[in-house]
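In: Got a predicted model here, sequence first, then my questions.
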Amino acid sequence: MIRFLRPLGRSVTYTRWLHLSMPVAVYGIWLFIDMEKPYVPFIALLLIGLIPAVRLAEGIQVQLLVVPKERGRHDATVSAAPSASWAERGRTVMWLEIRLALALVTMAISAWLPIVAYELVSASMGHGTSDLPVLRDAAPHWWWSALAPLPVLLMLCCVAPLGELDAAIARRLLGPSKEERLTALEERTERLLERNRIAREIHDSIGHALTVAVVQAGAARAAGDPAFTARALAAIEETGRAALDDLERVLLVLRESGGPVGQRPTLDEADRLLESARASGAKVDSELSGPLALVPGPVSREGYRILQEALTNVLRHSGPVPVRVRIAVLGERLELDVTNPLAGSMTRTQGGSGLRGIRERAALLGGEARSGPQEGEWRVRVRLPLDGLR
């Protein structure tokens, strides 16, 4: 019994009851106009359900009253959108017809069972003549009043199952279509990809700046040269400001979802990374060839981050060692190579978040990235296609 009464303590039971009762008001107005044609509202719903906006209105009502916990969720089981096809119009018509039928059943139970309770109390006291066949010709008994709560309790127990049935039918007939589910899945995937991209942005930019600062500070302390210390502090300051600019761009993306990414650094600004590495004490031999300015935006931006991560790995794992950087546009692909002496780099042979990020960036653009020891050197080699992204 407690299991059956538990739904009576939930607010959604009564909001569903309200939702089931609402169509009866319109139906009652029609009966007041013409009681001899009670079927007319059902015929009218066949035409009303074909209006696209009706599905939107019904979906909003269901989300508010029947499944309130799903309101505003991307995975809501009831769609709040206009009809986009004839199939959705047909399901909307079915929903309106079934909703009106359920409403009539609900109101019949809600009205008739309390009347039965009243008749039991009235008949037990010998007042009036009951319209109930069982009580009409029977002598009054005091214990009939003790049975009066049962119809009311039965009514309350019927309300919750009717509400559950209302919700189940709504999910079936007003649920999102395959196209809407696919769109929602794509939007969710885009949000996850954007979060991963932002995480990589923070890792690459801030990680690079911190690595340069640590290397510079350590070199300045070991050198004991005021002039070198001044240069190191200047390099730390410049790298820190660049990192703050990158962080501001990332925060702008977080504040303005879907905002433009055109302000992110590209390979046109590769010199900034190379100078930052040189300021850390590394001897950088760079070779940039080809029309880098014509590289498509997505490739150029990701190429910049790949170069940044590769240089950061060199400084982090090998310190200020000689580095060869080659960036070239050859035909329909961008090639990027970063090579440094193998000493101190063996710790990277098992990969890490940095190298994994490089591979992920390359894979997203349809390219490939390889890293590992080669002829006594550690080499990061990336190939990114340009065709299809212009």
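Out: Looks like it arrived, so ask away.
In: For L50, give its distance to A170.
Out: As judged by Cβ to Cβ, to the nearest Å, L50 and A170 stand 19 Å apart. In short, each C-beta sits where N, CA and C put it, glycine included.
In: measure A213 to S318 for me?
Out: From A213 across to S318, the span is 17 Å (Cβ to Cβ).
In: helices or strands next to whichever strand or helix holds V12 in the packing?
Out: Using DSSP states H and E, V12 sits within helix 11-33. The helices and strands touching helix 11-33, judged by 3 or more Cβ pairs under 8 Å, 6 or more residues apart in numbering; DSSP states H and E, are helix 40-48, helix 86-124, helix 149-174.
In: quick one, it and helix 149-174 angle?
Out: Counting by axes from the mean of the first three to the mean of the last three Cα atoms, to 10 degrees, helix 11-33 lies at 90 degrees to helix 149-174.
In: which residues are contacting helix 11-33?
Out: For helix 11-33, the surrounding residues in contact (Cβ atoms under 8 Å, 6 or more residues apart in numbering) are 7, 38, 40-41, 61-62, 64-66, 68-69, 99-100, 102-104, 106-107, 110, 159-160, 162-164, 166-167.
In: how much does it deviate in direction from helix 40-48?
Out: 110 degrees.
In: want to try TSV for the helices and strands packed on helix 11-33, with mean neighbour count as columns?
Out: Output for the helices and strands packed on helix 11-33, formatted as TSV (neighbours: other Cβ atoms under 10 Å):
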stretch	mean neighbour count
helix 40-48	14
helix 86-124	17
helix 149-174	17
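In: For the ones you listed, give me JSON lines that also has distance to L31.
Out: JSON lines is the format used below for the helices and strands packed on helix 11-33 (distance: least, Cβ to Cβ, whole Å):
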{"stretch": "helix 40-48", "distance to L31": "9"}
{"stretch": "helix 86-124", "distance to L31": "11"}
{"stretch": "helix 149-174", "distance to L31": "22"}
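In: export these to CSV and tack on distance to R305 and mean pLDDT?
Out: As requested, the helices and strands packed on helix 11-33 are exported to CSV (distance: least, Cβ to Cβ, whole Å; pLDDT from 0 to 100):
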stretch, distance to R305, mean pLDDT
helix 40-48, 55, 91
helix 86-124, 44, 86
helix 149-174, 44, 87
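In: any idea of the mean pLDDT in stretch 277-285?
Out: With pLDDT averaged residue by residue, stretch 277-285 scores 82.
In: ignore the last one, stretch 321-329
Out: Average pLDDT, stretch 321-329: 91.
In: which residues sit against that stretch?
Out: 267, 270, 274, 277, 282-292, 294-295, 303, 307, 311, 314, 334-341, 343-344, 386.
In: Which of these fall within strands?
Out: 284-289, 334-341 (DSSP state E).
In: what's the offset of stretch 318-336 from the middle of its chain?
Out: Here the centre of stretch 318-336 is set off from its chain's centre by 37 Å, with Cα atoms, centre = their mean, to the nearest Å.
In: That one spans what distance, first to last residue?
Out: Stretch 318-336 stretches 20 Å from its first residue to its last (Cα to Cα, to the nearest Å).
In: Tell me the buried residues in that stretch?
Out: Using 16 or more other Cβ atoms under 10 Å as the test for burial, stretch 318-336 gives 318-321, 323, 325, 327, 329, 334-336.
In: Under a three-state scheme, what state does S79 occupy?
Out: When classified by DSSP: H, G, I helix; E, B strand; the rest coil, S79 comes out as coil.
In: what sits against it?
Out: S79 neighbours (Cβ under 8 Å, 6+ apart): 55, 59, 174-177, 180.
In: Which among these count as buried?
Out: Taking 16+ other Cβ under 10 Å as the criterion, what is buried in the contacts of S79 is 55, 59, 174, 176-177.
In: Great, nothing more from me.
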